[in-house]
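# Take this sequence and fold it.
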Amino acid sequence: MKNMGDKDLRILLELSDLWRRYDRVYTCWAQKHGISNSAMTLIEELYMRPEGVEPAEIADYLGIPRQTMTATLDALEKKAVVGRFPHDKDRRRKVIRFTPEGKARAEKLVKELHEWEMKALSPLSRTELAQAFKTVKFFCSELERGLTE
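Numbers count the residues shown, from 1 in each chain. Predicted coordinates for the structure are as follows:
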């Protein structure tokens, strides 16, 4: 690879700034709703997986350290949002699921989150959205490919 010039460096710094802004805005949204970003991310994922999921599996999928996942689960369990339930096939393992009251709260939060996100995307045409997603997917694929080289 050639030496990185000032323009290349500016592109990378701008991209890093965008990722940080993205994380920061979601953290602010979650805090505004009285929960941590980790908790909101977990709630959204559990909402998409009503059958439940094992703590280690979801921590790995979300890229959250397992100790952070444990702390997040402990906090949500204290608030009666989630519970750790026995695995269907292996009693030694646990599955995270919503409690009945947690499911109602999650539905409200996830609906509000998705409405907020769709409002932010609404000025873009379907073509613009498709191109943006194509570009981000390409970039992620190239980064993943670079991990194996």
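
# Flag every buried residue along stretch 51-70.
Under the neighbour-count criterion of 16 or more other CB atoms under 10 Å, stretch 51-70 has 52-53, 55, 58-59, 62, 64, 69 buried. C-beta coordinates here come from the backbone N, C-alpha and C atoms, glycine included.

# what about the spatially most central residue of the chain, helix or strand, and which?
With distances taken as CA atoms, centre = their mean, the residue of the chain nearest its centroid is residue 41 (4.3 Å). Element membership for residue 41 (DSSP states H and E) is helix 37-48.

# what does that helix rub up against?
23, 26-27, 29-31, 33, 35, 52-53, 58, 61-62, 64, 68-69, 72-73, 75-76, 81-82, 96-98, 106-107, 109-110, 113 (CB atoms under 8 Å, 6 or more residues apart in numbering).

# Quick one: list the elements packing against the very next helix or strand once past it.
Next along the chain after helix 37-48, taking DSSP H and E as the criterion, comes helix 55-62. Counting contacts by 3 or more CB pairs under 8 Å, 6 or more residues apart in numbering; DSSP states H and E, helix 55-62 packs against helix 37-48, helix 66-78, strand 94-98.

# sorry, back to before: to the chain's geometric centre, what's the distance from the helix holding residue 41?
7 Å (CA atoms, centre = their mean, to the nearest Å).

# With just CA atoms, put it into PDB.
Output of helix 37-48 as PDB, limited to C-alpha atoms (Å, rounded to 0.1, in the frame of the first residue of the first chain):
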ATOM      1  CA  ASN A  37     -27.100   2.100  25.300                       C
ATOM      2  CA  SER A  38     -26.100  -1.500  26.100                       C
ATOM      3  CA  ALA A  39     -29.500  -2.100  27.700                       C
ATOM      4  CA  MET A  40     -31.400  -0.600  24.700                       C
ATOM      5  CA  THR A  41     -29.300  -2.600  22.200                       C
ATOM      6  CA  LEU A  42     -30.100  -5.800  24.200                       C
ATOM      7  CA  ILE A  43     -33.800  -4.900  24.400                       C
ATOM      8  CA  GLU A  44     -34.000  -4.300  20.600                       C
ATOM      9  CA  GLU A  45     -32.200  -7.600  19.900                       C
ATOM     10  CA  LEU A  46     -34.500  -9.500  22.300                       C
ATOM     11  CA  TYR A  47     -37.500  -7.900  20.700                       C
ATOM     12  CA  MET A  48     -36.400  -9.400  17.400                       C
END
